[in-house]
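J.: model this:
(2 chains)
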Amino acid sequence: QQQVKQSPQSLIVQKGGISIINCAYENTAFDYFPWYQQFPGKGPALLIAIRPDVSEKKEGRFTISFNKSAKQFSLHIMDSQPGDSATYFCAASNRRDKVIFGPGTSLSVIP
Amino acid sequence: GAVVSQHPSWVICKSGTSVKIECRSLDFQATTMFWYRQFPKQSLMLMATSNEGSKATYEQGVEKDKFLINHASLTLSTLTVTSAHPEDSSFYICSARGHSGRANEQFFGPGTRLTVL
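T.: Numbering: from 1, shown residues only, chains lettered A, B, ... in the order given. Next comes the predicted model:
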């Protein structure tokens, strides 16, 4: 019940296209859903996060869509750029509890 | 923003030796610090959670006698890998969480690459 599922495992998108990564969770006690971006050899960096009281959050080219009833959330990267090529992790946590990470999606944006 | 540093960024050691990794919160007080291990092309696996001034809580399957964690101050936590073996080679990442504000938010360090020969 603590697991966070993520798909696809890898994704190739053309420059300017939309990258979409999907995640699902089981534990209804989760109340914080962050997305992290990680470049090779670096620690993960918080990209954007959402709480279950809103259905969508947008920051620049990054948008989180949240479906509480389906227990799913997704990351949309608009106008994808080669610099967005990285591994993306969705995650979930309950208040001040530990963060549970999804398995990750390797995104490659090709020119 | 909140900054977390790690030292060293990479270390190579011989099998059987011990290695200490430091994690520091540079501009905030971290009441809780987390230690993760990440193998190539895999997700972050939480090893332990430490609160300042108290013993760390280890995840199931993590040997507390092998991975010693100390969180002696609100800005410093250390992870010591004792009697390291080649299978301990991995990318070790710490994160820190402060007192208040965004209660769930963790700030991650840049990671430490450990190679055991």
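J.: Tell me how far residue A:11 lies from residue A:59.
T.: Distance from residue A:11 to residue A:59, counting by C-beta to C-beta, to the nearest Å: 20 Å. Where you see a C-beta, it was placed from the backbone N, CA and C, and this is true even at glycine.
J.: The two - which one has more neighbours?
T.: Between residue A:11 and residue A:59, residue A:11 has the larger neighbour count (other C-beta atoms under 10 Å in any protein chain shown), namely 18 against 10.
J.: Buried residues, the strand or helix carrying that one. List them.
T.: If you go by DSSP states H and E, residue A:11 is part of strand A:10-14. For strand A:10-14, burial by neighbour count (16 or more other C-beta atoms under 10 Å in any protein chain shown) applies to A:11, A:13.
J.: So which elements touch the helix or strand bottoming out on mean pLDDT in chain A?
T.: When the helices and strands of chain A are scored by mean pLDDT, DSSP states H and E, strand A:99-101 comes last with a mean of 91. Applying 3 or more C-beta pairs under 8 Å, 6 or more residues apart in numbering or on different chains; DSSP states H and E, one finds that strand A:99-101 contacts strand A:86-93.
J.: which parts of chain B sit against chain A?
T.: With the criterion set to C-beta under 8 Å from any C-beta of the partner chain, chain B comes near chain A through B:4, B:6, B:32, B:34, B:41-44, B:46, B:49, B:91, B:93, B:95, B:97, B:103-111, B:113.
J.: same thing but 7 Å
T.: With C-beta under 7 Å from any C-beta of the partner chain as the criterion, chain B meets chain A at residues B:34, B:43-44, B:46, B:49, B:93, B:103-106, B:108-111.
J.: which of those are buried?
T.: When the residues of chain B next to chain A are checked for burial by 16+ other C-beta under 10 Å, the buried set is B:34, B:43-44, B:46, B:49, B:93, B:104-106, B:108-111.
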